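**Student:** Show me the folded form of this:
(chains A, B, C and D)
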Number of protein chains: 2
Amino acid sequence: MEKEKKISNAVVRRLPKYYRYLGDMLKNKIIKTSSKELSEMTGFSASQIRQDLNNFGGFGQQGFGYDVKNLCEEIGKIIGTDKKYNIIIVGAGNIGQAIANYTGFYENGYEVRAIFDKNPKMIGLSIKNNVIVDVDDMDEYLANNEIDMAVICTPKMVCQNIADRLVANGIKGIWNFAPTDINVPKDVALENVHLNESLFSLTYYYNQNLNNTDEN
Amino acid sequence: MEKEKKISNAVVRRLPKYYRYLGDMLKNKIIKTSSKELSEMTGFSASQIRQDLNNFGGFGQQGFGYDVKNLCEEIGKIIGTDKKYNIIIVGAGNIGQAIANYTGFYENGYEVRAIFDKNPKMIGLSIKNNVIVDVDDMDEYLANNEIDMAVICTPKMVCQNIADRLVANGIKGIWNFAPTDINVPKDVALENVHLNESLFSLTYYYNQNLNNTDEN
DNA sequence: TAGATTGTTAATCGATTAACAATC
DNA sequence: TAGATTGTTAATCGATTAACAATC
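**Tutor:** Next comes the predicted model:
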């Protein structure tokens, strides 16, 4: 078995950006590109881009550059966008509804299979092709359906409980929008979207800029 | 004038998490804490926490620890949550609506002053206290109202145009939810929430875990 | 062939961790 | 006073950048 070098989180976070720009180029029928060109688009240094790509193999051709279609496909394979994923959404409040309508799922092979909520007023309503189901029925649903990932859009009070139940039912990927940290076993992939932390970071830099301008 | 040491982005990203846990402790009437305790809560090392805090000043007491209330207030001041902010939302689609209903704004002193959209079917409808206004009237609105930050929730085709108009009208903070990169002058704070990139990172780690499990 | 650009090693830079003196 | 924990310096670690040989 090949010993795989551990890919740093910093690299992983850049892959989707490469993938997006390459997809754009592909749509515009651009055949070749280079680390220099990708650098201008992404803002990452050309050297860093070459380093990043060479973590996964030599996708380029010396003296020429990279074939856009090939590189895009290869990065897609690394990320895993070449596969299909069944997902569920837990919590049909503001964020849950927005996520249920999120076109990025359908454009990239993710299919929303079910939406759960505990509010009786929500249960039975439809979002896109899905009827909202009582969250009490979630465990049974998961036991009987092949679901890959779940999106947590519940209030923070219940999100750890939901996460525990998801994990107990074999879910191995969680996209968490609840504004708190949850604990999952290390074989479960967890991605947090903490809007509050994002807004506060923005606020810090906003004030930083104001202060710097004042000083002049 | 004191020469301010540049705070690294990594530190800035950790501040909101300290702030959140300290707020939780405050709510639970906990008086004192320590870098060790904060380490257990946040997952950051105690050493790193002390380093982070000492970028901004000595908030602790040797041999004792940190006063929760004081430290929480100090970090609030550093982030800027002690101030009020007027914001507008541009784009009243799925994400825009979710953001308009986002309780984090009201809980932290951010006030949504206006919501803009270009869809005639949306214009005139209300979200919370705000009537959705024609985006053609945005520039005039900004010229006549004191707005601090804007949230961009438009399709990616128009988001650079929106950003340019926001900047032209003096907006210095932009929270961008459109799935693309936008360019703003460096005195404008920009925070991107790229859901597609977040989902792809999750997908990468999801597959990584599956592969590692397979190998055993 | 000459020019261009990758792949890869080495150098640099910055962030994290370790250690411990200061001191409450 | 003894114990605890900060503030801060030094050591380590890891990521980014620079440089250049390989080669198309």
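**Student:** Break chain A down into its domains, please.
**Tutor:** Structural domains of chain A, as assigned by automatic domain parsing, span the residue ranges A:9-78, A:85-196.
**Student:** can you tell me the helix or strand for residue A:212?
**Tutor:** Using DSSP states H and E, residue A:212 maps to helix A:195-215.
**Student:** Quickly check: that helix near chain B or not.
**Tutor:** Yes: for a cut-off given as C-beta under 8 Å from any C-beta of the partner chain, helix A:195-215 has contacts with chain B, namely A:195-210, A:212-213, A:215. Backbone N, C-alpha and C define where each C-beta goes, glycine included.
**Student:** Can I get that helix as CSV, trimmed to CA atoms?
**Tutor:** This file holds the C-alpha atoms of helix A:195-215, laid out as CSV (Å, rounded to 0.1, in the frame of the first residue of the first chain):
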residue,chain,number,x,y,z
LEU,A,195,-22.1,32.6,10.4
ASN,A,196,-21.7,34.4,13.7
GLU,A,197,-17.9,33.9,13.6
SER,A,198,-17.8,35.0,10.0
LEU,A,199,-19.7,38.2,10.8
PHE,A,200,-17.5,38.9,13.8
SER,A,201,-14.3,38.5,11.7
LEU,A,202,-15.8,40.9,9.1
THR,A,203,-16.5,43.3,11.9
TYR,A,204,-13.0,43.1,13.3
TYR,A,205,-11.5,44.0,9.9
TYR,A,206,-14.1,46.6,9.2
ASN,A,207,-13.1,48.4,12.4
GLN,A,208,-9.4,47.8,11.7
ASN,A,209,-9.7,49.6,8.4
LEU,A,210,-11.6,52.5,9.9
ASN,A,211,-9.0,53.0,12.6
ASN,A,212,-6.1,52.9,10.1
THR,A,213,-7.9,55.5,7.9
ASP,A,214,-8.4,57.7,10.9
GLU,A,215,-4.7,57.7,11.7
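**Student:** Quick one: residues in contact with it.
**Tutor:** Under the contact criterion C-beta atoms under 8 Å, 6 or more residues apart in numbering or on different chains, helix A:195-215 has outside partners A:177, A:179, B:1, B:12-13, B:15-17, B:19-20, B:78-81, B:83, B:85, B:102, B:104, B:108, B:110, B:148-149, B:172-175, B:187-191, B:193.
**Student:** Show me which of those residues are buried.
**Tutor:** A:177, A:179, B:12, B:15-17, B:19-20, B:78-81, B:85, B:102, B:104, B:108, B:110, B:148-149, B:172-175, B:188-191, B:193 (16 or more other C-beta atoms under 10 Å in any protein chain shown).
**Student:** Now, the contacts of helix A:195-215 that are in strands?
**Tutor:** B:85, B:110, B:149, B:173, B:174, B:175, B:189, B:190, B:191 (DSSP state E).
**Student:** mind listing the helices in chain A by residue range?
**Tutor:** In chain A, the helices defined using DSSP state H lie at A:9-27, A:35-42, A:46-54, A:68-79, A:94-100, A:103-107, A:138-144, A:156-168, A:195-215.
**Student:** residues in chain A within reach of DNA strand C, list them.
**Tutor:** A:34-36, A:46-47, A:50-51, A:53-54, A:58-66 (C-beta under 7 Å from any atom of the strand).
**Student:** rerun at 10 Å
**Tutor:** A:32-39, A:46-66, A:71 (C-beta under 10 Å from any atom of the strand).
**Student:** And the buried ones among the residues you listed, selectable in PyMOL?
**Tutor:** To isolate the buried ones among these in PyMOL, judged by 16+ other C-beta under 10 Å, type:
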select buried, chain A and resi 32+33+35+37+38+39+48+49+50+52+53+59+60+65+66+71
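**Student:** near DNA strand D, from the residues of chain A next to DNA strand C?
**Tutor:** Answer for the residues of chain A next to DNA strand C near DNA strand D (C-beta under 10 Å from any atom of the strand): A:35, A:39, A:46-52, A:54-55, A:58, A:60-64.
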